[in-house]
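Novice: here is my input, please return the structure:
(one chain, ligands or ions: 1)
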Amino acid sequence: MPYQVPPLTYAFNALEPHIDARTMEIHHDKHHAAYVANLNKALEGHADLQSKSVEDLLRGLAGLPESIRNAVRNNGGGHANHSLFWNLMSAHSGQPSPALAKAIDAAFGSLSALQEKVNAAAMGQFGSGWGWLVVSDGKLEVIARPNQDSPLSEGKRPILGVDVWEHAYYLHYQNRRADYLKAWWNVVNWQVVDEQYRLAIG
Ligand code: MN3
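Specialist: All right, here's what the predicted structure looks like:
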């Protein structure tokens, strides 16, 4: 079964005015679809690998045949990162659960301090990439990574990630990455971050 783009669980315009409908449509239907198409192409003839989840492929990236490793890194990463990203957004943002809020306070001091740290990491990412909140060795950590590099390939589990490729914001925000980041927090689905956190600390 080839990898597939998961359908959005909300309308393209659901995140307006923070994320515009046209950006959502192109981002999901064109960019994400291209990562999936290229991942499927790269794995043609590798039936043993096709049966794995994309997350497992990324966790085991270093052990993949060299001929396909970079394609999986870029396109498998693109598939996994965006699949998480769509679910991390909602018109109904909510707030972190008490348990997650406590962990955030312990690691960063406050929710706003976490947001500043993610924004700083995402702003500091030169060119394309992502700002991430990950669980690493049971602890919360903020990192930025270039391109579609998945934290999974470093043994870290992403629980929140913001796409700072220009395709994620350029139509509405042009070069104003900081404005996009500020707006993005209005659509973070904390219930999903919470679920990811609980899975990560298992
Ligand atoms: Mn993207």
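Novice: who does the residue in the chain positioned nearest to the ion bridge with?
Specialist: The nearest approach of the chain to the ion comes at residue 163, 4.2 Å away (Cβ to the ion). To be clear about C-beta, it is placed using only N, CA and C from the backbone, and glycine gets the same treatment. Residue 163 forms beta bridges with residue 130, as assigned by DSSP bridges.
Novice: let me know how buried it is, in neighbour terms.
Specialist: Residue 163: 24 surrounding residues under other Cβ atoms under 10 Å.
Novice: and it, what does it touch?
Specialist: 27, 81-82, 85, 130 (Cβ atoms under 8 Å, 6 or more residues apart in numbering).
Novice: how close does it get to residue 50?
Specialist: 26 Å (Cβ to Cβ, to the nearest Å).
Novice: quick one: contacts of the one helix or strand residue 197 maps to?
Specialist: In this assignment (DSSP states H and E), residue 197 forms part of helix 190-201. By Cβ under 8 Å, 6+ apart, the surrounding residues in contact with helix 190-201 are 84, 87-88, 90, 93-97, 99-100, 103, 133, 135, 138, 157-160.
Novice: just the CA coordinates for that helix, please, in PDB.
Specialist: Extracted in PDB, the C-alpha atoms of helix 190-201 (Å, rounded to 0.1, in the frame of the first residue of the first chain):
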ATOM      1  CA  TRP A 190      -3.200  21.700  22.300                       C
ATOM      2  CA  GLN A 191      -5.300  18.600  22.600                       C
ATOM      3  CA  VAL A 192      -3.200  17.000  19.900                       C
ATOM      4  CA  VAL A 193       0.000  18.300  21.400                       C
ATOM      5  CA  ASP A 194      -1.100  16.700  24.600                       C
ATOM      6  CA  GLU A 195      -1.900  13.400  23.000                       C
ATOM      7  CA  GLN A 196       1.500  13.400  21.400                       C
ATOM      8  CA  TYR A 197       3.200  14.200  24.700                       C
ATOM      9  CA  ARG A 198       1.500  11.300  26.400                       C
ATOM     10  CA  LEU A 199       2.500   8.900  23.700                       C
ATOM     11  CA  ALA A 200       6.100  10.300  23.900                       C
ATOM     12  CA  ILE A 201       6.500   9.800  27.600                       C
END
